[in-house]
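Participant: coords below, sequence missing:
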């Protein structure tokens, strides 16, 4: 089968076919510069302000699902086969405003107006998912949208009022759903796409097997899943990324299997995609999960990407290490599986050979007697990178600690286990004394750095205190509050 | 000017005339709201680019202080798409964009680099991407000099002031201290703040014939951008037009900081005779433009056993950056607000506007005032903890009141409503009972601690540079009855255009839809002041009213002349004019006036009366009036990590007789959250090399929706018409509520103090990040042990 060279997608109500799309071309630049769809704004070009929020609808296992994404760091090539919806699609010129828009107008939800189209798009996605949202749902939907003028109160009022202006069933996107699905299905030809100039080549493999082949041929290629980090290499650091292999569209990497003893997660599963499984099967992780980035980034970013990226401050590695996760890497048809903590060798260095890619992550389900916690400490509660984060899993039998897995992020050059505290706990009665000893032992394992997120002193102290908190939270008969109000 | 008495008020309740849509004191939505939500509101970067448009990008320094030995730009020039490179040598006129004429703010330095990230040159290329890439290719050889980044380091290094300091003095400190039972001294460090307007800096220059150029610029101060561009080009101001329809936020960051961008775009456009746009990315916007000043305040306060202040001495050292910019008036205003709402019988306050090797700090909502207020509130807290009293009682004991109403700058506070306002909030927020509950909660909970604080604000309204308190407007009534409104103020989201249009609609008694709001441009209203100091509606509303009244007077004259009636027989009814018993629709009447050759256009003008200020002696009446407000916030901290939540905030704010209550409420809510952000999570962090490392939203954390108070009650004072003759007796609202955010800081302080049983005032510098909260808890725990 010959490779396809053009990128094809639906943009609002029209089909777009583009030749020559390079790996580093962004969706936002395409919208603003090539299409003059200037309703979508650039506020930061790093996926943190949400002014560029658009919806991307894609077929996964045959079903069409729309999600908010940051167009600034979303690569144009990656919307192949998708339906991109911008703010311009919500209301026809001269026609009535969309319910979300009218609610925003009536409740004074805009002041300067620059963040507004992005906020409208986030609220639009929320309204489709949850027409009568709770305050918490609204805040979660807006985690990735900054507003500097309003203080958010009028936006919250607008979001709560939208349902009075219209129902999602009558929305054009819902009405045309079948037609859009059919058009997107027709675009999916399963062919490999090879696009753009040689130095900036974008490759979209046709399947996971095809991906293995492509990477075997181009072992030094940049692998791009959600682009929530690679996007910044381009927009902020002007780094070349070609040839780049895009994997976000591969259904084969987006599978989740909940088995009796473990959860098997495809490397391409997004944070949002895993959210329901976390809520049901790993509930201690749910509040932590909701504090990973903002909604748009959780829709884009993947578990596999967070791991393969190797950042010491990635949110998932420490909590998955504590749970005893393993990672499976694939090269061609060969696979190997290793404990997740062994994947991280040093700063910027992982146990991934050229041509190899992260295929899946396996997370054992908590055993009886296991007490788990996941903690994130950051300057701002939501949509912030951790100053430090911790996963703690302790197994207790007859009051004695029989197993302890503790891992921290943000405390060293890699996400790493804490052997000192683990040893201090093992064999001890589950009590304050053991955790005090564990806290004291932390200094053996970590010499954290000072940077703009936190000082070394703060990181060291807060890390100790997280161990103390774990004890307070899991001690029998604890009465006093140990966590902040939701 | 029209004699107001000749025009009777429209008859309300007349069955045949529904009131106009959009009169003053009604809650109209923002005039651009529908365009905002549809994405059709055009910002500078959305203007369609003419063919041939080029893009500029700045190349910047990589040291904080040094001498340029050589600058090799060959690789820059050779990069793909590059058309031109501008350095200091290519500036045709003055190489300076100092807003105060100090000549200390070069567009590009000739030999001295004064901060990390300082623009050294600009690349002009066929695309923005090409310009950005090329800008990284310069080879700059520098002799590195020692640098000082903050006011303390600058003082230690013997750095100069960037501008003349100010001293405010009244009474004799020694006398006040002598009679006082208590005295304490302390230091508080107050962090700066980035504007983080969602739309960054941008200028787009289109060359005209001869020496003319038009610059589309995101600015709060088009006249200044115009004058700076003229000055840098070496052409008269009449060759330059600057215009702006709207900004995506300003907050003071576009009062002077657009100058460099406007100048670069204009110089390049004239050199190359092609349109040139410059838009820095967020990192460059944040590193190369000024911010709110950080302050280090040393205070020494004497007080009696009831907490009544006897004497205050304060030194206010500010991180001004490498040049003066607006640091003079900003540090002055810090002193003007170092009393907040409190009477200081004996006082001496001094500013120290320190030069530092950082970007030149600038205007930011409150303009130094908030830092002064934080210092005042810290002193109150010190006194309260020292005496073991509820800080609110100490606040009340020190409020300005009759006989104790003279400020440190010798202006009498005559419109004082702070006690009534605070007591209303105290009741509506149930402060006393909640405080008791919190004290009980803290006794039961060792890990999670709560705090509550009720803080007041009094804020002086007027530019302290008296000459800025003037404004102009231009109104055309077209012969179909439609009205074109223009004024010197700029729209940055605050709803100024809506409010001014309401004033004009009210004056003509026409529906607001009759009025077209237009872009601010230096061609229509000249020599304007910045839309700043909360003055936008006060000044421009009055100027527009003046223009409307002039046209109305001519219409009345025409009615009298054409109908042979006296002036008092002419009334402006909703969308109609009544002349005796005859009622003519407004548009028809305008057409008649036009046919009779009546001039239907007028330029209006306003200057604030009664204000004066003598800086040398530190005396005068710099402020026309004061705006008041109060906030009560309750927080919860986690003593293990220092993280916190704002559980509830109640605000009560005085906006006089509001021109538009909903828009004013929006200003109050927004300002509170921005003020809270300043004092909590927004941290500017420089590394030792002088590099700002929090330079984008990924590292610089402004509040999110989930940071706003869990319960948020906001009310406007309904009973306080402005005592002065301001526009419709309203009050300015842009800045004063910013300081309501201080209630969150003081509530955090109480929660921290709980770990040492409230015996010690916590040393909680700002921003009170989780780290600072935890470290303050640890220090107190150490003391308590």
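Facilitator: It's in. Everything numeric here is computed off the predicted structure, so don't read it as measured data.
Participant: I'd like to know how many residues surround the closest residue to residue B:264 other than its chain neighbours.
Facilitator: Ranked by Cβ to Cβ, 6 or more residues apart in numbering or on different chains and with sequence neighbours excluded, the top spatial neighbour of residue B:264 is residue B:122, at 4.9 Å. Any C-beta I mention is one placed from the backbone N, CA and C, and that applies to glycine too. When counting by other Cβ atoms under 10 Å in any protein chain shown, one arrives at 28 neighbours for residue B:122.
Participant: Which pLDDT does the model give residue B:122?
Facilitator: Residue B:122 is assigned 98 on the pLDDT scale.
Participant: distance of it from chain A?
Facilitator: To chain A, residue B:122 is 17 Å away according to Cβ to the nearest Cβ, to the nearest Å.
Participant: Show me the beta-bridge partners of that residue.
Facilitator: Here residue B:122 sits in beta bridges with residue B:58, residue B:86, going by DSSP bridges.
Participant: wait, doesn't it sit right on residue B:59?
Facilitator: Yes. Using Cβ atoms under 8 Å, residue B:122 is in contact with residue B:59, at 7.1 Å.
Participant: where along the stretch 151-300 of chain B do the strands fall?
Facilitator: Per DSSP state E, counting those that start in this stretch, the stretch 151-300 of chain B carries strands over the ranges B:167-170, B:182-190, B:203-207, B:213-217, B:240-244, B:276-278, B:295-303.
Participant: Mind listing what's buried along the helix or strand of chain B with the lowest mean pLDDT?
Facilitator: The helix or strand of chain B with the poorest confidence is helix B:770-784; it has a mean of 92 (mean pLDDT, DSSP states H and E). Residues of helix B:770-784 classed as buried: B:770, B:771, B:772, B:773, B:774, B:775, B:776, B:777, B:778, B:779, B:780 (neighbour count, 16 or more other Cβ atoms under 10 Å in any protein chain shown).
Participant: Would you agree the fourth one is in contact with residue B:764?
Facilitator: Put plainly, it is residue B:773. Yes. With contacts counted by Cβ under 8 Å, residue B:773 reaches residue B:764, the gap being 7.1 Å.
Participant: Pull up the overlap in contacts between those two.
Facilitator: B:748, B:752 (Cβ atoms under 8 Å, 6 or more residues apart in numbering or on different chains).
Participant: And the closest residue to residue A:133 other than its chain neighbours, its phi and psi?
Facilitator: Closest residue to residue A:133 apart from its sequence neighbours, by Cβ to Cβ, 6+ apart: residue A:126 at 5.7 Å. The phi/psi pair for residue A:126 (degrees, to the nearest 10) reads phi -60, psi -40.
Participant: Can you give me every residue that contacts residue A:126?
Facilitator: A:133, A:137, A:138, A:141, A:159.
Participant: What pLDDT does the model give it?
Facilitator: pLDDT at residue A:126 comes out at 98.
Participant: Quickly note the distance from it to residue A:137.
Facilitator: Residue A:126 is 7 Å from residue A:137, where distance means Cβ to Cβ, to the nearest Å.
Participant: Tell me the residue of chain B that sits nearest chain A?
Facilitator: residue B:39 (1.9 Å; Cβ to the nearest Cβ).
Participant: My read is that that residue contacts residue A:117, right?
Facilitator: Yes. Counting by Cβ under 8 Å, residue A:117 is a contact partner of residue B:39 at 4.2 Å.
Participant: out of the two, which sits in the busier spot?
Facilitator: Per other Cβ under 10 Å, whichever of residue B:39 and residue A:117 has more neighbours is residue A:117, with 30 against 26.
Participant: right, and that one touches residue A:38 too?
Facilitator: No. The criterion here is Cβ under 8 Å, and residue A:117 misses it with residue A:38 at 9.5 Å.
Participant: Overlap of the contact sets of those two?
Facilitator: With Cβ under 8 Å, 6+ apart, residue A:117 and residue A:38 have common neighbours residue B:39.
Participant: Sounds good, over and out.
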